[in-house]
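> need a 3D model of the following:
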Amino acid sequence: YDVVTPMAQSTELAEGLPKSRLVVMEHSAHFPFFEENYMFTQWVRQFIAGTSSMEDDRTMPTMVTTASSSGSR
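Here you go, the predicted structure:
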């Protein structure tokens with residue numbers, strides 16, 4: 001329901017961001033942190049927990065890495 005960032009733009013953005021996860025919240029528009037606070041918080045916690053053990057590519061400038069956004073969404 002987000003008129004600011006339609007689904008097509010959200011999908012394109014998620015595909016371009018390494019390690020991203022696109023979550024569609026059925027009862028939210030542009031402010032899911034307000035409109036579906038509990039679900040938003042759960043998704044953020046899950047994302048943080050799933051990435052907290054990953055090394056941050058930005059901290060390792062000598063390594064060449066290829067990231068893919070084709071993971072689960």
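> tell me the spacing between residue 13 and residue 22.
8 Å (C-beta to C-beta, to the nearest Å). All C-beta spots, glycine's among them, are computed from the backbone N, C-alpha and C.
> just residue 47 next, same as before
Computed with C-beta to C-beta, the distance linking residue 47 and residue 22 is 11 Å.
> and the helix-or-strand element of the chain with minimal mean pLDDT, how far from the chain's centre?
Comparing helices and strands within the chain by mean pLDDT, DSSP states H and E singles out helix 37-51 as the least confident, with a mean of 92. On the basis of C-alpha atoms, centre = their mean, to the nearest Å, helix 37-51 sits 10 Å off its chain's mean C-alpha point.
> cool, and stretch 11-22?
Relative to its chain's centre, stretch 11-22 lies at 6 Å (C-alpha atoms, centre = their mean).
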